[in-house]
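Peer 1: Turn this into a model:
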Amino acid sequence: KHDKNGNTVWSITLDGLWNQYLSDIERLNDGNYIFTGGFGDNIGYRFFLLKVSPTGTLIWRKDYGIPHPGENLGKNIVKENADGSLHIATQFRQNGLSFSDRLHYIKTDPSGVILFAKFYTPPNPITIMRINDMIIKDGYSFIAGGHLFQSNLAGWVLKISTSNGDVSWSKYYDFNNGPS
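Peer 2: Residues are numbered from 1 along each chain as shown. Okay, here's the model as predicted:
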């Protein structure tokens, strides 16, 4: 954390043998921070949550894996719901693909215990997918991103129930003067 002059107030070091990266941070209603990121290990690629106090003290760390062979994670986004639950969206790839083609949505309780996890795939069989942002409002997560299919760019938004992970609707937007 840096002050307004750019001076380091505190920092945290990620320990481990494997390549680790941070991808998102959210200030929680209790004043603490939640970080999400990913890492590779001898099992495959995984993601983590770190809960850190305003003074930089690590409160807890949870590591999670995806039970699919050959997977790899991309960008992770974490948001807190009004009830304190944490909602994580991550893009990932599996089966040796060189691009992300799936979305993984996870809900945890405030201490990082998984309540449910669901996977979503795009409507086209081979699509390069990315997550741009997520907001939580009125009991739903709205996740926005884009995809590339056969050289056509498109955007998408998913409305997912925060209570059970069911998709209420999905919208696709064509950026190539085609139907949407």
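
Peer 1: Which SSE is immediately downstream of the helix or strand of the chain with the lowest mean pLDDT?
Peer 2: When the helices and strands of the chain are compared on mean pLDDT, DSSP states H and E, strand 72-80 comes out lowest with a mean of 78. For strand 72-80, the following helix or strand on the C-terminal side (DSSP states H and E) is strand 86-93.

Peer 1: just how off-centre is that next one within its chain?
Peer 2: 3 Å (Cα atoms, centre = their mean, to the nearest Å).

Peer 1: and it, average pLDDT?
Peer 2: Throughout strand 86-93, pLDDT has a mean value of 83.

Peer 1: Mind listing the strands it pairs with, and their directions?
Peer 2: Neighbouring strands of strand 86-93 in its sheet, by DSSP bridges, are strand 72-80 (antiparallel), strand 102-108 (antiparallel).

Peer 1: burial measure for residue 115, as a count.
Peer 2: Using other Cβ atoms under 10 Å, residue 115 has 14 other residues around it. Backbone N, C-alpha and C define where each C-beta goes, glycine included.

Peer 1: Who does the spatially closest residue to it that is not a sequence neighbour form a beta bridge with?
Peer 2: Nearest non-adjacent residue to residue 115, counting by Cβ to Cβ, 6 or more residues apart in numbering: residue 107, 4.7 Å away. Listed beta-bridge partners, residue 107: residue 87, residue 116 (assigned using DSSP bridges).

Peer 1: what are the ranges of the strands in the protein?
Peer 2: Remark: strands assigned in the chain by DSSP state E are 20-27, 33-40, 45-52, 58-65, 72-80, 86-93, 102-108, 114-120, 128-137, 140-149, 152-161, 167-174.

Peer 1: what residues does the third one touch?
Peer 2: Read that as strand 45-52. 12, 20, 28, 32-40, 58-66, 71-73, 76, 78, 86, 88, 90, 92, 108, 112 (Cβ atoms under 8 Å, 6 or more residues apart in numbering).

Peer 1: Count the neighbours of the residue nearest to residue 30 when sequence neighbours are not counted for me.
Peer 2: Ranked by Cβ to Cβ, 6+ apart and with sequence neighbours excluded, the top spatial neighbour of residue 30 is residue 84, at 7.9 Å. Using other Cβ under 10 Å, residue 84 has 13 other residues around it.

Peer 1: Now do the contacts for residue 84.
Peer 2: For residue 84, the residues meeting the contact criterion (Cβ under 8 Å, 6+ apart) are 28-30, 109-110.

Peer 1: and residue 57, how many neighbours does it have?
Peer 2: The number of residues near residue 57, taken as other Cβ under 10 Å, comes to 11.
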